[in-house]
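Chemist: quick one: sequence plus predicted model below, questions after.
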Amino acid sequence: DARVTQTPRHKVTEMGQEVTMRCQPILGHNTVFWYRQTMMQGLELLAYFRNRAPLDDSGMPKDRFSAEMPDATLATLKIQPSEPRDSAVYFCASGLTPDGQSGQPQHFGDGTRLSIL
Amino acid sequence: GIQVEQSPPDLILQEGANSTLRCNFSDSVNNLQWFHQNPWGQLINLFYIPSGTKQNGRLSATTVATERYSLLYISSSQTTDSGVYFCAVYSGGSNYKLTFGKGTLLTVNP
């Protein structure tokens, strides 16, 4: 089965450091999503892309977070500078664009567990 | 935005028991997915089920879209079924995001 691949699986770093998380979506999928999971907020959307174009990043703190898709096989989420409150699990998901009234499933990677000390 | 409520929040079972998890949502949906988050934190796709009934081994799911709920059935539960079960929905429009419920924490004891 094709899978969404995320790297790294775990990251521990000190406050103020830059963090880059990477995602390889399933080949052929044209939508990519970044979600964050915390105990307090649960799973929430940070940003999503369609055909590599950012469509919605309203869930991201703009001053420190940035999301990009340099090409169709790579999505990145960067935090600079990182803060302890950014500690969470970050999931990438990919899928196909829903068609009118028809939805499409999203497929999740295994996540990056981020700890900011 | 759309609201997603899952019940029960916690469930403890003995191995071999059956269970039903419920997901209520506040608006019509184009996408509904059930996930299992295992103890290692992986989100495993169980079902994509915006309507109708599907079965996969000991698990089955039913979504009654007109009444805005979905049910996940687990039969003959095993300890490996332990974890958190999430329901997530997408309600259409240009925003494709999934809105997740808070999950049901299932513990299956041997």
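Modeler: Now that the structure is in, tell me what you want to look at.
Chemist: got a list of what the residue most central in space within chain A touches?
Modeler: Chain A has A:Trp34 as the residue nearest its centroid, 2.6 Å off, counting by Cα atoms, centre = their mean. A:Trp34 makes contacts with A:Cys23, A:Leu45, A:Leu46, A:Ala47, A:Tyr48, A:Met60, A:Ala67, A:Ala75, A:Leu77, A:Tyr90, A:Phe91, A:Cys92, as judged by Cβ atoms under 8 Å, 6 or more residues apart in numbering or on different chains. C-beta: built from backbone N, CA, C; applies to glycine.
Chemist: in JSON lines, list those along with neighbour count and pLDDT.
Modeler: Listed next are the contacts of A:Trp34 as JSON lines, based on neighbours: other Cβ atoms under 10 Å in any protein chain shown; pLDDT from 0 to 100:
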{"residue": "A:Cys23", "neighbour count": "25", "pLDDT": "98"}
{"residue": "A:Leu45", "neighbour count": "21", "pLDDT": "90"}
{"residue": "A:Leu46", "neighbour count": "21", "pLDDT": "92"}
{"residue": "A:Ala47", "neighbour count": "23", "pLDDT": "91"}
{"residue": "A:Tyr48", "neighbour count": "25", "pLDDT": "88"}
{"residue": "A:Met60", "neighbour count": "19", "pLDDT": "87"}
{"residue": "A:Ala67", "neighbour count": "21", "pLDDT": "95"}
{"residue": "A:Ala75", "neighbour count": "26", "pLDDT": "97"}
{"residue": "A:Leu77", "neighbour count": "23", "pLDDT": "97"}
{"residue": "A:Tyr90", "neighbour count": "22", "pLDDT": "98"}
{"residue": "A:Phe91", "neighbour count": "25", "pLDDT": "97"}
{"residue": "A:Cys92", "neighbour count": "26", "pLDDT": "97"}
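Chemist: so which of those residues are also by chain B?
Modeler: With Cβ under 8 Å from any Cβ of the partner chain as the criterion, those include A:Leu45, A:Tyr48, A:Phe91 near chain B.
Chemist: from the chain's centroid, how far away is stretch B:99-110?
Modeler: 9 Å (Cα atoms, centre = their mean, to the nearest Å).
Chemist: over to stretch A:14-27?
Modeler: Remark: stretch A:14-27 is offset 8 Å from the chain centroid, using Cα atoms, centre = their mean.
Chemist: now the end-to-end length of it.
Modeler: Start-to-end span of stretch A:14-27 (Cα to Cα, to the nearest Å) is 34 Å.
Chemist: give the buried residues for that stretch.
Modeler: A:Val19, A:Met21, A:Arg22, A:Cys23, A:Gln24, A:Pro25, A:Ile26 (16 or more other Cβ atoms under 10 Å in any protein chain shown).
Chemist: burial measure for residue 9, as a count.
Modeler: Chain wasn't specified; assuming chain A. 12 (other Cβ atoms under 10 Å in any protein chain shown).
Chemist: please refer instead to chain B.
Modeler: Neighbours around B:Pro9, by other Cβ under 10 Å: 11.
Chemist: coming back round to it: tell me the pLDDT of the residue nearest to the centre of chain A.
Modeler: What the model reports as pLDDT for A:Trp34 is 95.
Chemist: chain A contacts on chain B?
Modeler: B:29-33, B:35, B:41-43, B:45, B:48, B:50, B:86, B:88, B:90, B:92, B:94-98, B:100, B:102-103.
Chemist: whichever of the residues you listed end up buried, select them in ChimeraX.
Modeler: Selection of buried members from those for ChimeraX, criterion 16+ other Cβ under 10 Å:
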select /B:29,30,31,32,33,35,43,48,50,86,88,90,92,96,97,98,100,103
